[in-house]
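Asker: Just a sequence and a predicted model for now, questions to come.
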Amino acid sequence: MEIIDFYASDDKNHWLSEIQKSDWGAGKYLYELLRDQKLKELCGETTKVLLLIDGDKLLSFCTYAEQDDVREPSLTPWVGFVYTFPEYRGKRRVGKLLECAYMLAKNDGHEHIYISTGETGLYEKYGYQFWKIMKDAHGEDSRVYKTDIVSMDYSDVLGTTVSGTIDRPLGSAHPRHPEMIYPINYGYVDGVFAGDGAEQDVYVFGTDQPLETYTGKVIAVYHRLNDNEDKWIVSLNGEMIQAEDILKAISFQEQYFMGELYISRLGK
């Protein structure tokens, strides 16, 4: 799976036809706006249409825009037109789009990102909190959610040497989801406790063999945006690993969460 921007894609006609297949009224409206080249006129010239795709299949989509149906210029940016096709629901696929929008907002220097919706109990799963009721462009009430853009400081963690236990070795199955096989050793730091009250979880890099215990250097931290725990990335030999390689290796589990990787400067 990957995320692309409709406007930067090489096959806009294909993705436009995929969006048209949405069984949602707002999805049909998005299709019409894109077809008629009016979305940016409505939502701003920097608008992106984020598409979560798998090959030529469209799984989910949303917009990242200066404005949405709540027309308040002082509030920006907005996520809108959030949709996942029925056959891909239940695995929090849209979370990766919201993660992408979050990172775009952070890179653009914003402090918050907003969603206008009629839904209750959905966006809380992705780190958003209900803010207040506002009027949309049609004068109707809309629930506005927002999430803060944060920058974490892991200077006291990165570069430290830790030891611990591997309770889910490479090749083992997840205890609650047996279809999930660990492609990397996963365990915890002995005696160090995380935000969830349990010992600090770690992904351990540097071997293709299952382990029982480990000692290594923390080279990165994966900060979950919609959870109360982080994952430390440990290198057995202390060597740095590229960010894209870390994210690829841990995606078997982290694909179900929103997150941001903080990596030692030596690893950039």
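Answerer: Cool, got the structure. Being a predicted model, the structure only gives us computed values, none of them experimental.
Asker: which secondary structure elements does the longest strand belonging to the chain contact?
Answerer: Secondary structure of the chain per DSSP state E: the longest strand is strand 213-224. Here strand 213-224 touches strand 161-168, strand 199-205, strand 230-235, helix 243-254, strand 259-263, going by 3 or more Cβ pairs under 8 Å, 6 or more residues apart in numbering; DSSP states H and E. Heads up, the C-betas are built off the backbone N, CA and C, glycines and all.
Asker: quick one: strands adjacent to it?
Answerer: strand 161-168 (antiparallel), strand 230-235 (antiparallel), strand 259-263 (antiparallel) (DSSP bridges).
Asker: one step back: return the most buried member of the helices and strands packed on strand 213-224.
Answerer: strand 230-235 (a mean of 24; mean count of other Cβ atoms under 10 Å).
Asker: Across the sheet, point out what pairs with Ile115.
Answerer: Where Ile115 sits in a bridge, its partners, by DSSP bridges, are Val79, Tyr145.
Asker: And Phe193, by the same measure?
Answerer: Glu199.
Asker: how far does stretch 216-230 stretch from start to finish?
Answerer: One end of stretch 216-230 sits 17 Å from the other (Cα to Cα, to the nearest Å).
Asker: so where is the chain shaky, pLDDT-wise?
Answerer: Across the chain, the ranges flagged by pLDDT under 70 are 265-268.
Asker: cutoff 80 now
Answerer: For the chain, applying pLDDT under 80 flags the ranges 90-92, 195-197, 264-268.
Asker: Tell me, domain by domain, which residues of it belong where.
Answerer: As assigned by automatic domain parsing, the chain contains the domains 2-148, 161-267.
Asker: end-to-end on stretch 219-231?
Answerer: One end of stretch 219-231 sits 11 Å from the other (Cα to Cα).
Asker: just use 12 as the starting number from now, easier for me
Answerer: Sure, I'll start numbering at 12, so the last one becomes stretch 230-242.
Asker: mind listing what's buried in it?
Answerer: Counting neighbours by 16 or more other Cβ atoms under 10 Å, one finds that the buried residues in stretch 230-242 are Ile230, Ala231, Val232, Tyr233, His234, Arg235, Leu236, Asn237, Asp241, Lys242.
Asker: Redo the domains of the chain as TSV? Include distance to Ser166.
Answerer: Compiled in TSV, the domains of the chain are given as follows (distance: least, Cβ to Cβ, whole Å):
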stretch	distance to Ser166
domain 13-159	19
domain 172-278	10
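Asker: Could you identify the longest helix within the protein?
Answerer: Using DSSP state H, we find that the single longest helix of the chain is helix 105-118.
Asker: Show me what it is packed against.
Answerer: So helix 105-118, by 3+ Cβ pairs under 8 Å, 6+ apart, packs with strand 13-16, strand 59-65, strand 68-76, strand 89-95, strand 123-128, strand 270-274.
Asker: export that helix as PDB, just CAs?
Answerer: Taking Å, rounded to 0.1, in the frame of the first residue of the first chain, the C-alpha atoms of helix 105-118 are listed here in PDB:
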ATOM      1  CA  VAL A 105      -8.000   5.600   7.000                       C
ATOM      2  CA  GLY A 106      -5.600   6.100   9.900                       C
ATOM      3  CA  LYS A 107      -2.700   6.100   7.500                       C
ATOM      4  CA  LEU A 108      -4.400   8.900   5.500                       C
ATOM      5  CA  LEU A 109      -4.900  10.900   8.700                       C
ATOM      6  CA  GLU A 110      -1.300  10.300   9.600                       C
ATOM      7  CA  CYS A 111      -0.200  11.600   6.200                       C
ATOM      8  CA  ALA A 112      -2.400  14.700   6.700                       C
ATOM      9  CA  TYR A 113      -1.000  15.200  10.100                       C
ATOM     10  CA  MET A 114       2.600  15.200   8.800                       C
ATOM     11  CA  LEU A 115       1.700  17.600   6.000                       C
ATOM     12  CA  ALA A 116       0.200  20.000   8.600                       C
ATOM     13  CA  LYS A 117       3.300  19.600  10.700                       C
ATOM     14  CA  ASN A 118       5.600  20.300   7.800                       C
END
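Asker: Perfect, that will be all.
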